[in-house]
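A.B. asks: model this:
(chains A, B, C and D)
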Number of protein chains: 2
Amino acid sequence: MYAPSTRPVVLDPHGAANTCAHCDARAHSVCNAVPDADIARLAAIAVVTHAEPGTTFIQEGDPATHFFNISAGTVRMYKLLPDGRRQITGFAGVGHFLGLAVSDTYAFSAEAIDQVRFCKFSRARVRTLLDDYPAMEKRLLAVAATELVAAQEQMLLLGRKTARERLASFLILQSRQGVACNASRGRFELPMSRSDIADYLGLTIETVSRTLTKLRSDGFIDIPSTTEIAIRAPAALENLATGMA
Amino acid sequence: MYAPSTRPVVLDPHGAANTCAHCDARAHSVCNAVPDADIARLAAIAVVTHAEPGTTFIQEGDPATHFFNISAGTVRMYKLLPDGRRQITGFAGVGHFLGLAVSDTYAFSAEAIDQVRFCKFSRARVRTLLDDYPAMEKRLLAVAATELVAAQEQMLLLGRKTARERLASFLILQSRQGVACNASRGRFELPMSRSDIADYLGLTIETVSRTLTKLRSDGFIDIPSTTEIAIRAPAALENLATGMA
DNA sequence: CATGCACCTTGAGCCAGATCAATGAGACCT
DNA sequence: AGGTCTCATTGATCTGGCTCAAGGTGCATG
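C.D. replies: Numbers count the residues shown, from 1 in each chain, chains lettered A, B, ... in the order given. Next up, the predicted model:
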């Protein structure tokens, strides 16, 4: 069973009534805007789906038919140039909402990094739902605004920061997002590969690897394993991230 | 009268009833979501303001008290690093809406490039207005989604494109935005300086200048004056912008 | 427990774009 | 008309991160 699947597996094509009521991700997501009493309406249009590592479940340029809400795992969103150069525009974890766009095609692709579970919602159905739940619309606006701020921060990183500053910024961001999941202070998992990190930070794999090694030898971080990081000097790393070093 | 003004000039502190009804920018902006009959309500909370070239009217980190709608001129939005490195995150023209953020402080600064006119709206008042005009909320969501897509495109540019590709992409974008304003086909004004272009594209002034010169000598563009560009070979430039050259 | 494979690290040399340094071209003033 | 100021162009040199090239490492498989 190791042949790469090209299609995500649909587990629950018609949505059990309590799909949403018991969803772990609901507390962190836009779905929260729908009150308990009406949660069945949301569940009715949700299609719970799994995606194996490496599976592309949103393809840039395809007709934008659905919204997505991640309930487990981590996703990479990216854009490609015709010659294959890739820019990862963000990583989406539990509770993250994907597919906001006015255009009728997706503006980016999305792939499962690890084992991913998500809910699919038909755009047309969500639109009618939104009319009844203005709170959800407000929530979506808040999500979009938050993402916009993050995107502007990333532009600053990509346009003006050095490799060292980029890695410092990235590690701080990841440590904040991972903090809820992991016990030991300042230590966290990196679900993505060096190649993903490079394409997110506008660098090459080699520069990412070299820079991480240097940050370790300079005492800013520990690298217990390839996929784990521990921050030794948070304040110093923070300064590094904003160029104050 | 050449001393730089540090504060924008408020022209119409309490908003004449027909301020919005006759606004040139309304057709291109979110204000359009308020129907004619109710336009006075919008006008009542609008404060029309002018900003001289170079004036900063939004300061990153300041309490986010207002929304802004540009009705004339061009604005640069940017973020700074402590040591002064600047990333311009976008240019805002007529009809552009600024100030979307969940945070209670502005995430970026904004400066008038040329003579700018804009309407200021108190956030608190807009919030109550939004409850009565869900169409306006939808419009805001659409604006945010559009900006998000543009931001992702810019990340691809900053992270993965060469200087030549960046300039080609930038010129195509500017030509599209300027097309409505200017008569002769493929020709348009650049309201911003080389320094602004450099900080928008993650390059230096010198590289911008050299690359523009090279694009001219290669026959892609003409540069009738420092602030004007004419695209000679749109298709070839388009290919260049996406790395297919 | 070797073998293969995918991913990561490290080294050596190179190059696109940065930096440093004049010079040129307008715009406005006296 | 000359002076000054700001911004753009052009040239010479330097360098951070890329490219090319070898290993190293961990894990799954036969």
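A.B. asks: okay, CA-based contacts and neighbour counts for the rest of this
C.D. replies: OK.
A.B. asks: just the helices in chain A please.
C.D. replies: Counting by DSSP state H, one finds helices in chain A at the ranges A:39-45, A:123-132, A:134-160, A:163-178, A:194-201, A:205-217, A:234-241.
A.B. asks: could you list the buried residues of the first one?
C.D. replies: Think helix A:39-45. Applying a neighbour-count criterion of 16 or more other C-alpha atoms under 10 Å in any protein chain shown, one finds A:Ile39, A:Ala40, A:Leu42, A:Ala43, A:Ala44, A:Ile45 buried in helix A:39-45.
A.B. asks: and those residues, which is closest to DNA strand D?
C.D. replies: A:Ala43 (35.3 Å; C-alpha to the nearest atom of the strand).
A.B. asks: just to check, that closest one is in contact with A:Cys20?
C.D. replies: Yes - counting by C-alpha atoms under 8 Å, A:Ala43 touches A:Cys20, with 5.2 Å between them.
A.B. asks: closest one of the buried residues of helix A:39-45 to chain B?
C.D. replies: Taking C-alpha to the nearest C-alpha as the measure, chain B lies nearest A:Leu42 of the buried residues of helix A:39-45, at 19.7 Å.
A.B. asks: what about the nearest residue to that closest one once chain neighbours are set aside, neighbour count?
C.D. replies: Residue nearest to A:Leu42 in three dimensions, not counting chain neighbours: A:Cys20, with 7.0 Å by C-alpha to C-alpha, 6 or more residues apart in numbering or on different chains. By other C-alpha atoms under 10 Å in any protein chain shown, 23 other residues sit near A:Cys20.
A.B. asks: what score does A:Cys20 have for pLDDT?
C.D. replies: Per-residue pLDDT puts A:Cys20 at 85.
A.B. asks: sorry, back to before: can I get the helices of chain A in JSON lines with distance to A:Arg26 and mean pLDDT?
C.D. replies: Formatted as JSON lines, the helices of chain A follow (distance: least, C-alpha to C-alpha, whole Å; pLDDT from 0 to 100):
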{"stretch": "helix A:39-45", "distance to A:Arg26": "10", "mean pLDDT": "85"}
{"stretch": "helix A:123-132", "distance to A:Arg26": "16", "mean pLDDT": "90"}
{"stretch": "helix A:134-160", "distance to A:Arg26": "13", "mean pLDDT": "95"}
{"stretch": "helix A:163-178", "distance to A:Arg26": "17", "mean pLDDT": "95"}
{"stretch": "helix A:194-201", "distance to A:Arg26": "27", "mean pLDDT": "98"}
{"stretch": "helix A:205-217", "distance to A:Arg26": "35", "mean pLDDT": "98"}
{"stretch": "helix A:234-241", "distance to A:Arg26": "31", "mean pLDDT": "98"}
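A.B. asks: out of those, which gets nearest to B:Phe97?
C.D. replies: Taking C-alpha to C-alpha, helix A:134-160 is the member of the helices of chain A nearest to B:Phe97, at 12.5 Å.
A.B. asks: can you tell if that closest one touches chain B?
C.D. replies: Yes - Helix A:134-160 is in contact with chain B by C-alpha under 8 Å from any C-alpha of the partner chain, via A:134, A:137-138, A:140-142, A:144-149, A:151-156, A:158-160.
A.B. asks: wait, A:Ile205 sits on A:Leu212?
C.D. replies: No - the pair A:Ile205 / A:Leu212 is not scored as a contact, 10.7 Å apart, by C-alpha under 8 Å.
A.B. asks: what domains does the record give for chain A?
C.D. replies: According to automatic domain parsing, chain A comprises the domains A:9-157, A:161-241.
A.B. asks: gap between the shortest one and the chain center?
C.D. replies: I take that to be domain A:161-241. Distance of domain A:161-241 from its chain centroid, counting by C-alpha atoms, centre = their mean, to the nearest Å, is 17 Å.
A.B. asks: end to end, how far does it reach?
C.D. replies: Chord length of domain A:161-241, first to last residue, is 8 Å (C-alpha to C-alpha, to the nearest Å).
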